[in-house]
Structures are given as C-alpha cells and as structure tokens.
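Undergrad: Have a look; sequence and predicted model below, questions after that.
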Amino acid sequence: MAKVSSEALGNESIGKLLIRQALPASVGILVMSLNILVDTIFVGNWIGSTAIAAINVVLPISFFIAALGMSIGIGGSSIISRALGADNHKKALKTFGNQITLTLLLCVTLVILGLVFINELIPAFGGKGDIFEPAKIYYRIVLYGVPILALNMMGNNVIRAEGKPTFAMVSMIIPSVGNIIGDYLFINVMDLGMYGAAWATTGSYMLCFLYIFWFFVFSGHSELKIDFSHFRLDLPILQEIGSLGFVTLARQAVVSVIYLLMNNILFDLAGEDGVAVYAIIGRMLMFALFPVLGITQGFLPIAGYNYGAEKYKRVQSTINKAILYACLMGCVVFGLIMGFSKEIAMVFTQNEAIIERTPGAMRWVFAATPIVALQLIGAAYFQAIGKAVPALLLTLSRQGFFFIPLILILPNYYGEIGVWISFPIADVLSTMVTGYFLNREIRKNLKQD
C-alpha cells in the first residue's frame, strides 16, 4: 500500500493531488505557527514584553542550526522524490541514511560552538540591555534540543517526499500541542518564567522525534527501510544533497542575518519596543502565510516525482495550479491583516506603546502578500527538479538581494518607516525576477513530454 501512495504522485488528478498534499502541510504549518503564536502570547502576558524580544533574539541562532536539518531534509527529499519516480529505490535508501548521518554530525558540532560563544552571539543578534539575561536563559536550554529539532525537520521532509502528507502533518502537530501544554504548566502553573518557556520548547522537540522514529522504524508505512550500510557517507550523494540543501540553508542564513540587522536597527531607532513590534510581526509572518506555505510544501513532491518520471505536462499543470491556489490564499490573508491589525497586536501585549506602533508596520509588511505566492512556488520548482543554482539565486532574491540592501539604505532617509516599506518593495522586485525565470524555464523545458 505504501508503494501505491508514492506512485499516485504521477497518476492522480493534479488538482485533487495538490489539495491532498497541501491540506495536511497547511494544517501542520498552521498548528506549528499557532504554537509559536500562542507561545509568544503566553510569554508576553505571563512574563512580559521584554521576554518576547528575548525569544526573538534567540530564534535566528537556534533556527539556523536546526535549519541544517531542514536543508538536508529538503535537499535529500528532492533526490528521494525523483529516485522513487524513476523506480530507483537503492538511491532513495542510501540518500535517507546519509541525511541522518550528516544532520547529526553538523548540528551537534554547531551546538557545541553555540554554547561556547553564548556571550558573544546574544548581543550580536540584538540581545542588549534588559533583553540579555532572559535571552541567555532561553538560548542555553533551547540549544540542547536543537539537534533533535534538526532531525525532526529532516524526517518531516522525507515523510512528505514519500507521498505521506498526513503523517508529516501529525509530526508537526505533536510538538506544537506539546509546547502549548508545556507553556501552560511550566509558566502559568509552576511559575518558572523563561526557564519554563525554554523547557516546554525543548520537550516538544523530543515528543516529535519519538513519533518520527516510530514512523520509519515500527509503523510499516514507510518505503525507506534502511540498514547500517546506508549510514556510510557517500560522496556523490552528499554533493547532491549539499547543492540542493544549500538553497534552504542559505535562505535561513539570510533570515538569521535579517534578524540580526532588524533587531539592531530597530533597537537603535525605537529601543526594546521596536524589537518587540518586529517580534510580533515576525510571528504573524510565520502564522498568517500558512496556507501559501502549505501549498508550496505540497507542490514539491508532486513536481519532483513527475519531473523524475519525465511527465512534463503534469509538472507544468502542477506549477499553474499551485500558483493559482496560493495567490487566492494570499489575497485572503491580505484582507484579514489589513482589517484586523490592531486587534492582532492587542492579543500579544497590553503595552499601549507597542499596540499603537504595530498595526501600521504590520500593514506595510503584508502589503504585497497577494503576489508572494509566485515567488515562493517559482523558487521551490527549481529546487524540486534538482536545479540548485537557479533555486539558490531565486530563493535569495527576495530577502538577500533586495531586502537587506533596502533596510540598510531606507532607514537612513525615512527612519523607522523605511524599515517597514522595505518588505513590500523587496516582495515586488523578487516576484518580477522569479516570474521571468520561471516562464523561461516552462517555455524551454516543459513544452514536451
């Protein structure tokens, strides 16, 4: 039955298949985002707005290390999807084993370095003044669980590559629910403050890991039954994982740089309140775009499988439908943000200054949401089919090539508003560039079967 599931990627109706793949991914991202959202609400109301800023400082550091697992997962999953499409199960198994070994080696090494340089990293990412001490508490505990988080991210992408989106969804729901329950117990009931927030997060990573381990080893639903020989590193596979996974890693590295720049720029312009406003908007970016991101996640295995099977018309149909569905969802998100930005801010904090500053900034940040889908789907397509260079360049175009220069230049002329208008300008420019290259790729390589 598991084998039929992966073959369905090449046979079923694209519209139904995309919905079936995207819906669990969207639900999983929604629950995960709600976890981050509720975590921020609990921390803001039970500990204080400074604690929100402290978590915002720590996230880019811990998530960059965890993003190694995501990068290895997405890079390897592209190989696995195409290998299953070409009926090359030997390569799929070897790839999965190499993913596990590589994730553990890299992440454990970086966690050790992260703990050694804790006092230098936190201030560099904006953890200054009153933010430093709570950020240090949260950082140290969360970093212990980051290798487990990296394995979870890697495993989740492999599950999706096998065409098992429901199991991937559950693996995202478990840590989210676990973290929310842990927050309530450790922060509200046991009054552990930042220690409680950190241990709730780390404990949730372990719950997720236990579920993913069960799926691959005991459930009988996975096609990837590996043995010890598959853990031995294979240079050609590592190079392919690295070239494709580097796209995701580079994107997360840019996100970490953006957090560093934004936290420092906003701290200089508006103090702790400015960092807290960005923390709220950052959580909404993770949460509100869940349907668009879910469609992008659902799109990846379908495009990769059919490209590996040389069913190019199905690939083209998948691109068109994914962009259409994601744009429609983007329009819905845009309308909700524009209409309820102040109410959203009030959920996170009772600080009047932050409530007054957040709505205007949030509207600017989400101003180009209806067209962002084209950029996300376009960049994801090149990653799905194994074309690492265009995938890397298009992925970096939005946040790296456009956004970072804008936030370094515009605040010098327009102050804090220059930070917020950088978001929609970067979105529009990167979408135009991605649209051009995606259209050229379709005309050149997908017009034949």
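TA: Yes, it's here.
Undergrad: doesn't F186 make contact with W46?
TA: No - contact criterion Cβ atoms under 8 Å: W46 and F186 do not qualify, at 10.3 Å. (C-beta placed from N, C-alpha, C; glycine too.)
Undergrad: Show me the shaky parts of the stretch 301-449 of the chain.
TA: For the stretch 301-449 of the chain, the stretches with pLDDT under 70 are 447-449.
Undergrad: now the strands for it?
TA: Ranges of strands within the stretch 301-449 of the chain: none, based on DSSP state E, counting those that start in this stretch.
Undergrad: Figure out the helix or strand that I29 lives in.
TA: Element membership for I29, per DSSP states H and E: helix 14-46.
Undergrad: per-residue confidence averaged over the very next helix or strand once past that helix?
TA: Beyond helix 14-46 on the C-terminal side, the first helix or strand identified by DSSP H and E is helix 49-85. For helix 49-85, mean pLDDT is 80.
Undergrad: Give me the buried stretch members for the helix holding I29, please.
TA: Residues 14, 17-18, 20-46 are the ones in helix 14-46 that count as buried (16 or more other Cβ atoms under 10 Å).
Undergrad: how many degrees apart are that helix and helix 49-85 in direction?
TA: Interaxial angle, helix 14-46 versus helix 49-85 (axes from the mean of the first three to the mean of the last three Cα atoms, to 10 degrees): 160 degrees.
Undergrad: Quick check: which helices or strands does helix 14-46 pack against?
TA: With contacts taken as 3 or more Cβ pairs under 8 Å, 6 or more residues apart in numbering; DSSP states H and E, helix 14-46 sits against helix 49-85, helix 165-183, helix 193-217, helix 235-288, helix 290-308, helix 312-348.
Undergrad: Please spell out which residues along stretch 80-94 are buried.
TA: Residues I80, S81, R82, A83, L84, G85, N88, H89, K91, A92, L93, K94 are the ones in stretch 80-94 that count as buried (16+ other Cβ under 10 Å).
Undergrad: Which of the residues you listed sits closest to M286?
TA: M286 lies nearest to S81 out of the buried residues of stretch 80-94, by Cβ to Cβ, at 25.3 Å.
Undergrad: so how far is N445 from the closest residue to the closest one other than its chain neighbours?
TA: Leaving out its chain neighbours, the residue that sits closest to S81 by Cβ to Cβ, 6 or more residues apart in numbering is G304, at 3.5 Å. Here G304 is placed at a distance of 14 Å from N445 (Cβ to Cβ, to the nearest Å).
Undergrad: More neighbours: the two, which one.
TA: The residue with more neighbours, out of G304 and N445, is G304; 29 against 14, by other Cβ atoms under 10 Å.
Undergrad: Assign a three-state SS to S222, would you?
TA: Assigned by DSSP: H, G, I helix; E, B strand; the rest coil, the conformation of S222 is coil.
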